[in-house]
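Q: Show me the folded form of this:
(4 chains)
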Number of protein chains: 2
Amino acid sequence: MKWDALSAERCSVARTVAVIGDRWTLMVLRDCFLGVRRFEDFQARLGISRTITAERLKHLTDEGVLKKVAYQDRPPRFEYRLTDKGLDLYPLVMAIVNFGDRHYAGEAGPPLLHRHKACGHDFEPVMTCSCCQEPIKAREVETRAGPGSSSHPHDSTPPHAVESAGS
Amino acid sequence: MKWDALSAERCSVARTVAVIGDRWTLMVLRDCFLGVRRFEDFQARLGISRTITAERLKHLTDEGVLKKVAYQDRPPRFEYRLTDKGLDLYPLVMAIVNFGDRHYAGEAGPPLLHRHKACGHDFEPVMTCSCCQEPIKAREVETRAGPGSSSHPHDSTPPHAVESAGS
DNA sequence: ACCATGAGTTTATTTTCTGGACTAACTATG
DNA sequence: CATAGTTAGTCCAGAAAATAAACTCATGGT
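A: This is a model prediction of the structure:
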């Protein structure tokens, strides 16, 4: 299967992964949320070849996650900024950060702390239910086919349930 | 830069991305949370070559995200199950699903619905503050160096703030 | 004139992925 | 007993994609 075959699937994971499912794209997004905006800065911080930096920025721009904004005219120079769609990736990026903090932080603790301005405290992101506001655990969720499910009669029927790991 | 150079970085994103930052790994995880457990099932659902299916499952197992559990002895057969560490990826997977549902669902709506057993309703995941329980927006967060920050005096200083997209 | 900066392209090499065949250890069927 | 089927892989050669390093282009400074 190819890259773009993914975006043709009905699955929301597949479609999202077709956009952000790549090491460098995810690293670029991390930097975006840290305030990095210019090509040379991404380039320097990522430590990868310019080709890839350029390609990933272009891809994210084409997908409407980033937009180019001119910050000078002569010579024309642009910076990359998150669009509203891009800002919607914040929970995803924070979920990645949080997993890393939990499982890969050294004894010293996490490399970055996040302060919630509204309440003034450092926090961890907690995924909660939009309906009852309680934290959600994987086994408390039942998944079933939704309205956008059918159309082609092949693949992607959810096999049965989640119930995983009896450790 | 190479795959494994990433896991050597101090950044939590980099370390997590070194484990899950790959299209197929993410698709494998999606299936895990949908209850898929056997090699042949992953293989059939993903539609990729067996080599890669095998390699990704092995990688996730090595990383402690999945574990092999025997479900019969003669011949010995195993299934792949999420470990506790693997279950910690649920918010990440749901964040991906949610982004896809928001931005790539057709007019019909999302392909899958998720019901929170505790409250009995379909929900969307909402990222909230572990401290004040309020939903978190990217611009309401201030990031600064944490305890696990220093050690090598190069890269990864958070540039300044988040404040992105003035749309 | 010469060097520096910012934002990329071009080219050649390296790595990864595919598709198919093959192995292995059994079980079921005729 | 011979043959076919199931499950979980491995091996290999060619095709496709990712990557590093060098180069381009426009302009500004001295």
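Q: count of neighbours near the residue in chain A that DNA strand D sits nearest to?
A: Using CB to the nearest atom of the strand, A:Ser49 is the residue of chain A that sits closest to DNA strand D, at 2.9 Å. Where you see a C-beta, it was placed from the backbone N, CA and C, and this is true even at glycine. A:Ser49: 12 surrounding residues under other CB atoms under 10 Å in any protein chain shown.
Q: What score does it have for pLDDT?
A: A:Ser49 carries a pLDDT score of 91 in this model.
Q: Repeat that for the one 4 residues further on.
A: In the predicted model, A:Thr53 carries a pLDDT score of 95.
Q: And for the one 3 residues further on?
A: At A:Arg56 the predicted local confidence, pLDDT, stands at 95.
Q: from the chain's centre, how far out does the helix or strand that it is a member of sit?
A: Using DSSP states H and E, A:Arg56 sits in helix A:50-62. Put simply, helix A:50-62 sits 16 Å off its chain's centre (CA atoms, centre = their mean, to the nearest Å).
Q: Then stretch A:57-73?
A: Taking mean C-alpha positions (CA atoms, centre = their mean), stretch A:57-73 and its chain are 17 Å apart.
Q: Also stretch A:138-153?
A: The chain centre lies 22 Å from the centre of stretch A:138-153; the measure is CA atoms, centre = their mean.
Q: List the buried residues in that stretch.
A: Across stretch A:138-153, burial judged by 16 or more other CB atoms under 10 Å in any protein chain shown covers A:Ala138, A:Val141, A:Thr143, A:Gly146, A:Gly148, A:Ser149.
Q: try stretch A:21-35
A: Buried residues in stretch A:21-35, counting neighbours by 16+ other CB under 10 Å, are found at A:21-34.
Q: Do it and DNA strand C come into contact?
A: No - Stretch A:21-35 does not reach DNA strand C (CB under 7 Å from any atom of the strand); its nearest approach is 9.7 Å.
Q: Could you give the average pLDDT over that stretch?
A: On average, stretch A:21-35 scores 94.
Q: now the strands for chain A?
A: For chain A, the strands defined by DSSP state E occupy A:66-72, A:77-82, A:112-116, A:121-122, A:125-129, A:141-145.
Q: Starting from the shortest one, tell me which strands it pairs with and how they run.
A: Think strand A:121-122. strand A:112-116 (antiparallel) (DSSP bridges).
Q: ok, for A:Ala118, nearest residue in space, not its chain neighbours?
A: The shortest distance from A:Ala118 to any non-neighbouring residue, by CB to CB, 6 or more residues apart in numbering or on different chains, is to B:Glu140 (5.4 Å).
Q: Settle this for me: the one you found is touching A:Cys119, isn't it.
A: No - taking contacts as CB atoms under 8 Å, B:Glu140 lies outside contact range of A:Cys119: 9.3 Å.
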